[in-house]
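K.L.:
generate coordinates for the sequence data below:
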Amino acid sequence: MTIKPLLVVPVFLILLASCAPQAELVKTRSEMNELREEIKTLKARNPELQKRLDQDTLSLQKRLDALDANIKGGVDAQKVMADYGAKTDQITTDIQLLQGRLEENNFRLAELAQKLDDRAVKLSEVAARVDDIDAKIKLMSAGTPTAPAAASSRDKDKQSPPKTIEPSEAYRQAKSDYDKGNFDLALAGFQNYLAQFPDASQADNAQYWVGECYYALRDFNKAIEAFAKVIRNYPKSGKAAGAKLKIGLTYLNEKNPAKAKEYFHKVVKEHPGTNEAEIATDRLAKMGK
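P.N.:
Numbers count the residues shown, from 1 in each chain. Sure thing, here's the model as predicted:
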């Protein structure tokens, strides 16, 4: 069976229109692959930087220990300081540089992860458009009358949901509301982010800020639940230490010092060397441990 003459032009036009979404689909996939490769490279670099940072920190500590031993042993302090000063300064500078590079690396990783989230959403939208065009071409090639097809297309357009906001923009808006003190709006924003993008790179951060919103609104029971969800669902997240600390602080507000101490001790034990551990140690000291 041949295609009806009246259908040749509409099919040709739809085929022509499909070229743009197809090209966009290929471009988006290519961008996603490039982002994945850059993320892979940065992740591979992090352990190397961390290893060098640990080595320099250990070397500095050994030099300081040797300096203390020499001074206690009666060696001239000025001479010892002169001998060790230059090398110690150099190691300290190296440590600062490595810490800076690690921070830049981690910031870039977070930035790329958000871009990857945005591309994934765009990819799904473009793929849906391509599928829709393919379906129309098949209907028209099969000889389906054009008028009903057009009507069906209009009905579908009316029913189709509005374009989904990009994950990075949804997160940015919610965080902006929080920073402005609009905690109810921020809470709704972060919860919406988690509902729409449960597997996105900022999901752990969004869950943490849900807890912070409840904490700011003084709904302490829900704050504890939200922070506990960070620990349970994202145990390796950079927000895990903060979530444990905030649970401890929330229990303090709830006049439950025993539970507060329990979580402060967890922070100190499980996240040594972090700012959260330092705050938890200070709180424990004030509470008499």
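K.L.:
list of residues touching the host helix or strand of residue 231?
P.N.:
Secondary structure from DSSP states H and E places residue 231 in helix 220-233. Residues outside helix 220-233 that contact it (C-beta atoms under 8 Å, 6 or more residues apart in numbering): 204, 207-208, 210-212, 214-215, 237, 239-240, 243-244, 246-247, 250-251, 253-254. The C-beta positions use only the backbone N, C-alpha and C, and glycine is treated the same way.
K.L.:
change it to 6 Å
P.N.:
207-208, 210-211, 214-215, 239-240, 243, 246-247, 250, 253-254 (C-beta atoms under 6 Å, 6 or more residues apart in numbering).
K.L.:
show me just the buried residues among the residues you listed.
P.N.:
207-208, 210-211, 214-215, 239-240, 243, 246-247, 250 (16 or more other C-beta atoms under 10 Å).
K.L.:
please produce CSV containing those, extended by pLDDT.
P.N.:
Compiled in CSV, these are given as follows (pLDDT from 0 to 100):
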residue, pLDDT
207, 95
208, 95
210, 96
211, 95
214, 96
215, 94
239, 92
240, 93
243, 95
246, 94
247, 95
250, 94
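K.L.:
greatest separation within the residues you listed: which pair is it?
P.N.:
214 and 240 (17.7 Å; C-beta to C-beta).
K.L.:
re earlier: after the helix holding residue 231, next one along is what?
P.N.:
Helix 220-233 is succeeded, C-terminally, by helix 240-253 (DSSP H and E).
K.L.:
so that following helix versus helix 220-233, what angle?
P.N.:
With axes from the mean of the first three to the mean of the last three C-alpha atoms, to 10 degrees defining the directions, helix 240-253 sits at 160 degrees from helix 220-233.
K.L.:
check the contact between residue 244 and residue 263; I expect there is one.
P.N.:
Yes: assessed by C-beta atoms under 6 Å, residue 244 is found in contact with residue 263 at 5.2 Å.
K.L.:
can you put the buried ones among the contacts of helix 220-233 in a markdown table and add distance to residue 170?
P.N.:
A markdown table is the format used below for the buried ones among the contacts of helix 220-233 (distance: C-beta to C-beta, whole Å):
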| residue | distance to residue 170 |
| --- | --- |
| 207 | 14 |
| 208 | 16 |
| 210 | 14 |
| 211 | 18 |
| 214 | 19 |
| 215 | 21 |
| 239 | 18 |
| 240 | 23 |
| 243 | 21 |
| 246 | 23 |
| 247 | 26 |
| 250 | 26 |
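K.L.:
for the stretch 101-250 of the chain, give me the ranges with low pLDDT.
P.N.:
Scanning the stretch 101-250 of the chain for pLDDT under 70 picks out 101-164.
K.L.:
and if we set it to 80?
P.N.:
For the stretch 101-250 of the chain, the stretches flagged by pLDDT under 80 are 101-165.
K.L.:
mind listing what's buried in the helix holding residue 231?
P.N.:
220, 222-224, 226-227, 229-231.
K.L.:
give me the neighbour count for the nearest residue to residue 181 once chain neighbours are set aside.
P.N.:
Distance criterion C-beta to C-beta, 6 or more residues apart in numbering; nearest residue to residue 181, sequence neighbours excluded, is residue 216 at 8.0 Å. Using other C-beta atoms under 10 Å, residue 216 has 16 other residues around it.
K.L.:
isn't residue 216 up against residue 185?
P.N.:
No: contact criterion C-beta under 6 Å: residue 216 and residue 185 do not qualify, at 11.9 Å.
K.L.:
okay, how far is it across stretch 248-263, tip to tip?
P.N.:
5 Å (C-alpha to C-alpha, to the nearest Å).
K.L.:
list of residues touching it?
P.N.:
For stretch 248-263, using C-beta under 6 Å, 6+ apart, the contacting residues are 220, 223-224, 244, 247, 264.
K.L.:
in stretch 271-280, what's buried?
P.N.:
Residues of stretch 271-280 classed as buried: 271, 274, 276-277, 279-280 (neighbour count, 16+ other C-beta under 10 Å).
K.L.:
distance between the ends of that stretch?
P.N.:
End-to-end distance for stretch 271-280, by C-alpha to C-alpha: 10 Å.
K.L.:
quick one: average pLDDT of it?
P.N.:
Mean per-residue pLDDT for stretch 271-280: 90.
K.L.:
contacts for it next, please.
P.N.:
241-242, 245, 264, 267-268.
K.L.:
just give me the closest of the residues you listed to residue 165.
P.N.:
Of those, the one sitting nearest to residue 165 (C-beta to C-beta) turns out to be residue 242, at 26.3 Å.
K.L.:
what's the neighbour count on that closest one?
P.N.:
Using other C-beta under 10 Å, residue 242 has 22 other residues around it.
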